[in-house]
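Student: A predicted structure for the sequence below; I have some questions about it.
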Amino acid sequence: MLFRSETRDPAPTTMEELAPGGLLAKLSRMDVVARRAVRGARSGERRSRKRGGGLEFSEHRDYEPGDDLRFVDWNVFARLDRLVTKVFIEEEDLTVALLLDASASMDWGNPNKFLFARRMALCLGVVALRAGHRLRVHGLGGSCPPDLAGLRGGSRSLPLSRWLLDARADGGSDLAETVGRVSGGRQGRGVLILLSDCLEEGAADAVRRSASSGWETWVLRTLCPEELDPGANGLAGDLRLEDVEQEGGVEITVNRSLLQAYRARLNADRSRLESDVRRAGGRLVELDTSLDPELVLFELLRRGGLLR
């Protein structure tokens, strides 16, 4: 249930409006981190230690029977009479999948949740593209353009931004089913990032399906100030709450006891979701739409381990 505010953020129409203040230029040295080994579809841009065929020499190690003789360092053998094999840093593929919740509940709040989520998706997508990773983008519910798949390289930021600018939030979404379908695809494994308010049931099940398919899964729960502290953000007195994803509503009076009960329920929901996501093998970060995007990217997500 949401109270519909008449105050709305102007809809961005350009990449610069979606990420204002030169935000994208500040992300040039960042990268997405995969903390555990991932299975790639082909050679790409995620670095890992492998013997031979790499782009950058790392170290020597003693030769073992079966090693490719092409990578024996014969100069070392001539000097030390010892067989050693060259070890290289080889670039290995990493896929980053962005899943944007476009259900109607996201199109609310000041600052607007859907605008904030799209801004974060653009920044994370640009970081992945500039680092050379493969990028996939999927909409959950709403009116979104067709899914994007196989984007690679910094020049592909334009189709990413156009997709996000054209996306519209409305209706509902089947979070678990959609994440299960996306994560079960045969287009590589890697890091899956879900941007959602997680107001519907199924977030933990979605993470469980994603993690079981080999994805390192992050849930960026996006909430607005009115949801985090309604009493301090103008929600008071007699109001009508409307379900924006289904028909119906209810008349309420916002008073101290109701706000206390709401805070208790919000804290319980927060603890339950965090525990469920962790047990399912994922990571949860709660984002307040009033936060500066730079703080989110350079502090919360870097400290949390998604970015470096």
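Tutor: Great, that's in hand.
Student: hey, where'd the helices end up in the stretch 101-250 of the chain?
Tutor: Counting by DSSP state H, counting those that start in this stretch, the stretch 101-250 of the chain has helices at residues 113-130, 157-166, 175-183, 203-212, 225-228.
Student: Single out the most deeply packed of these.
Tutor: Of the helices of the stretch 101-250 of the chain, the one with the most neighbours on average (mean count of other C-beta atoms under 10 Å) is helix 113-130, at a mean of 24. For glycine as for every other residue, the C-beta is placed from the backbone atoms N, C-alpha and C.
Student: Show me what that helix is packed up against.
Tutor: Contacts defined by 3 or more C-beta pairs under 8 Å, 6 or more residues apart in numbering; DSSP states H and E place helix 113-130 against helix 15-18, strand 95-101, strand 134-140, helix 157-166, strand 190-196, strand 216-223, helix 293-295.
Student: quick one: which of the helices of the stretch 101-250 of the chain is nearest residue 193?
Tutor: Judged by C-beta to C-beta, the one of the helices of the stretch 101-250 of the chain that comes nearest to residue 193 is helix 113-130, at 6.1 Å.
Student: Only C-alpha atoms, please: export that closest one in CSV.
Tutor: Only the C-alpha atoms of helix 113-130 are listed here, as CSV (Å, rounded to 0.1, in the frame of the first residue of the first chain):
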residue,chain,number,x,y,z
LYS,A,113,12.7,5.0,-6.2
PHE,A,114,12.5,4.1,-9.9
LEU,A,115,14.6,7.1,-11.0
PHE,A,116,17.2,6.3,-8.3
ALA,A,117,17.3,2.6,-9.3
ARG,A,118,17.8,3.5,-12.9
ARG,A,119,20.6,5.9,-12.0
MET,A,120,22.3,3.1,-10.0
ALA,A,121,21.8,0.7,-12.9
LEU,A,122,23.4,3.1,-15.3
CYS,A,123,26.4,3.6,-13.1
LEU,A,124,26.9,-0.1,-12.4
GLY,A,125,26.4,-1.0,-16.1
VAL,A,126,28.9,1.6,-17.2
VAL,A,127,31.5,0.4,-14.7
ALA,A,128,31.0,-3.2,-16.0
LEU,A,129,31.2,-2.1,-19.7
ARG,A,130,34.3,0.0,-19.2
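Student: quick check: angle from it to strand 95-101?
Tutor: Helix 113-130 runs at 170 degrees relative to strand 95-101, counting by axes from the mean of the first three to the mean of the last three C-alpha atoms, to 10 degrees.
Student: What is the burial count for residue 291?
Tutor: Residue 291: 14 surrounding residues under other C-beta atoms under 10 Å.
Student: tell me the centre residue of the protein?
Tutor: The residue lying closest to the centre of the chain (C-alpha atoms, centre = their mean) is residue 193, at 2.6 Å.
Student: Pairing-wise in the sheet, spell out the partners of the residue lying closest to that residue once chain neighbours are set aside.
Tutor: Using C-beta to C-beta, 6 or more residues apart in numbering and skipping residues adjacent in sequence, the residue nearest residue 193 is residue 218, 4.8 Å away. Assessed by DSSP bridges, residue 218 has beta-bridge partners residue 193, residue 283.
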